[in-house]
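Enquirer: Provided below for reference: sequence and predicted model.
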Amino acid sequence: MKQRIAFIDLAKGICISLVVLWHVLREQSDGYDFFQILFFFRMPLYFILSGLFFKTYDGFFPFIKKKTNKLLIPFLFTYFVLGIPSILFQDRWNGNSTSLYSFCEENGRLNLGLVPSSWFLICLFFVNIYFYSVFVVSKRNVKVISFFCIVLGILGYYINVLGLYLSLWLDTSLTVMPFFLFGYLIRNFSNILYSEIKKIYYIFFVISLTTLLLIYYIIEHRHLSSLNFIENVFGVTIVSLYLGGISGSFCILVIAKILKYVPVFSYIGRYSIVVLLTHQPLLFVIRNVYYQLGISQEGFLNNFIIFVIIMLLSLPVIKFCIRFLPYFYAQKDVWK
């Protein structure tokens, strides 16, 4: 078995923790402003980490098979086991008739029911297809690859600006191409994965953190809205989007490289796909238990406690999923 890179698992753990935290806090006004800076890079970091490990797998067919096992099958399993049943239940509970429109949003994206975060897997699947296509057409020429990825990113961003959209998150898949490219570039032009922490990393960390804080300061004073990757809607300039995402992500990579391993976070990071696909059903159950018991869900502290509960419950959930459902959570291949 290929040896895992400890700090990458930790970086994934930090990343998925930020995703869970956002889903817990997003309906809360207090505490949101403080954490908004973190949300600048919670999704870009995922795409950068994916770009770090891009491989062609000796041809398009093996490539598609790999990505189907790692991304499409977990999505389809989650959609049919949790998504569709929750849509049907909600329609029945509200007394609505179920139709094809129940399973599709107005913008052409799927209604994912209780697990909206599963959109990321479809999006990442198409990002890989886009990048593979660019990689082949460019004949592995890094300058040409970079040019096309940046152009596709700009195209995706301005699809949002023009008020247009593409179904199945094909637009967001375009917008995030520069993030995926950045991961690919640092993998191929640095030894960050395997080298020890170097002085140059600290220098770039300071530059990245300064850039991130400056961008955050600007958007706060201009009262610009937050980033919404699932809708491909961004209330920031294109420069802020990419500079903020890359700067914040690099800071997390350096922090993870320094710490290397942190209990719970590193473990959750190793199986982040399980947490991605199960934390929202957990949140739904916890909020309903709170409601039935008459426990307040108002305020940042109460919601942070809910976040901690979800993270702790994720540990046994991971154990269960990788033991009994490994084929559906990207631990074993269905398509061989």
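Expert: Arrived safely, thanks for sending. Numbers count the residues shown, from 1 in each chain.
Enquirer: Output the below-cut-off pLDDT ranges for the stretch 1-150 of the chain.
Expert: Within the stretch 1-150 of the chain, the set of residues satisfying pLDDT under 70 comprises 1-2, 27-36, 91, 94-95, 97-101, 106.
Enquirer: quick one: buried residues of stretch 12-28?
Expert: Along stretch 12-28, the positions that meet the burial threshold by neighbour count (16 or more other CB atoms under 10 Å) are 12-25, 28. All C-beta spots, glycine's among them, are computed from the backbone N, C-alpha and C.
Enquirer: what does stretch 286-303 give?
Expert: Under the neighbour-count criterion of 16+ other CB under 10 Å, stretch 286-303 has 286-287, 290, 300, 303 buried.
Enquirer: re the thing from before, relative to residue 62, which of the buried residues of stretch 12-28 is nearest.
Expert: For residue 62, the closest of the buried residues of stretch 12-28 turns out to be residue 12, at 24.1 Å, with distances computed as CB to CB.
Enquirer: Just give me the neighbour total for the residue nearest to that closest one when sequence neighbours are not counted.
Expert: Residue nearest to residue 12 in three dimensions, not counting chain neighbours: residue 269, with 3.5 Å by CB to CB, 6 or more residues apart in numbering. Neighbour count of residue 269, defined by other CB atoms under 10 Å: 26.
Enquirer: now swap in residue 315 and tell me
Expert: Neighbour count of residue 315, defined by other CB under 10 Å: 14.
Enquirer: about what we covered before: return the closest of the buried residues of stretch 12-28 with respect to residue 116.
Expert: Nearest to residue 116 out of the buried residues of stretch 12-28 is residue 23 (CB to CB; 8.7 Å).
Enquirer: hang on, the earlier thing: which of the buried residues of stretch 12-28 sit farthest apart?
Expert: Across the buried residues of stretch 12-28, the two members that end up farthest from each other (CB to CB) are 12 and 28, 25.3 Å apart.
Enquirer: The buried residues of stretch 286-303 in helices, which ones?
Expert: Among these, the members found in helices (DSSP state H) are 286-287, 290, 300, 303.
Enquirer: Tell me which other helices or strands the strand or helix carrying residue 150 touches.
Expert: Counting by DSSP states H and E, the element that carries residue 150 is helix 142-161. Applying 3 or more CB pairs under 8 Å, 6 or more residues apart in numbering; DSSP states H and E, one finds that helix 142-161 makes contact with helix 119-137, helix 170-175, helix 177-189, strand 233-234, helix 238-259.
Enquirer: tilt between that helix and helix 177-189?
Expert: Following axes from the mean of the first three to the mean of the last three CA atoms, to 10 degrees, one obtains 160 degrees for the angle between helix 142-161 and helix 177-189.
Enquirer: Go through helix 142-161 and flag the buried ones.
Expert: Burial within helix 142-161, assessed by neighbour count using 16+ other CB under 10 Å, is assigned to 145-146, 148-149, 152-154, 156-157, 159-160.
Enquirer: quick one: contacts of stretch 202-212?
Expert: The set of residues that contact stretch 202-212 without belonging to it, under CB atoms under 8 Å, 6 or more residues apart in numbering, is 37, 40-41, 243-244, 246-248, 250-251, 254-255.
Enquirer: just the buried members of the residues you listed?
Expert: 37, 40-41, 243-244, 246-248, 250-251, 254.
Enquirer: Pick the one among those closest to residue 129.
Expert: residue 246 (22.3 Å).
Enquirer: Against residue 11, how distant is the residue nearest to the spatial centre of the chain?
Expert: Centre of the chain computed as the mean C-alpha position; nearest residue by CA atoms, centre = their mean is residue 43, 4.1 Å away. For residue 43, the distance to residue 11 (CB to CB, to the nearest Å) stands at 14 Å.
Enquirer: what does residue 172 give?
Expert: Computed with CB to CB, the distance linking residue 172 and residue 11 is 21 Å.
Enquirer: now residue 190
Expert: Distance, residue 190 to residue 11, using CB to CB: 15 Å.
Enquirer: more crowded one of these two?
Expert: When residue 190 is set against residue 11 and neighbours are counted by other CB under 10 Å, the residue ahead is residue 11, at 28 against 13.
Enquirer: so the more buried one is in which element?
Expert: Following DSSP H and E, one finds residue 11 within helix 6-25.
Enquirer: and the angle for that helix with helix 238-259?
Expert: In terms of direction (the same axes, to 10 degrees), helix 6-25 departs from helix 238-259 by 130 degrees.
Enquirer: by contact count, what packs against helix 6-25?
Expert: For helix 6-25, the packing partners by 3+ CB pairs under 8 Å, 6+ apart come out as helix 32-39, helix 42-52, helix 238-259, helix 265-270, helix 272-293, helix 300-324.
Enquirer: about what we covered before: make CSV from the ones in helices among the buried residues of stretch 286-303 and add distance to residue 200 and pLDDT to it.
Expert: CSV is the format used below for those (distance: CB to CB, whole Å; pLDDT from 0 to 100):
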residue, distance to residue 200, pLDDT
286, 44, 96
287, 45, 94
290, 47, 94
300, 37, 83
303, 39, 90
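Enquirer: Which of these sits closest to residue 316?
Expert: Sorting these by distance to residue 316 puts residue 286 at the head of the list, at 14.4 Å, by CB to CB.
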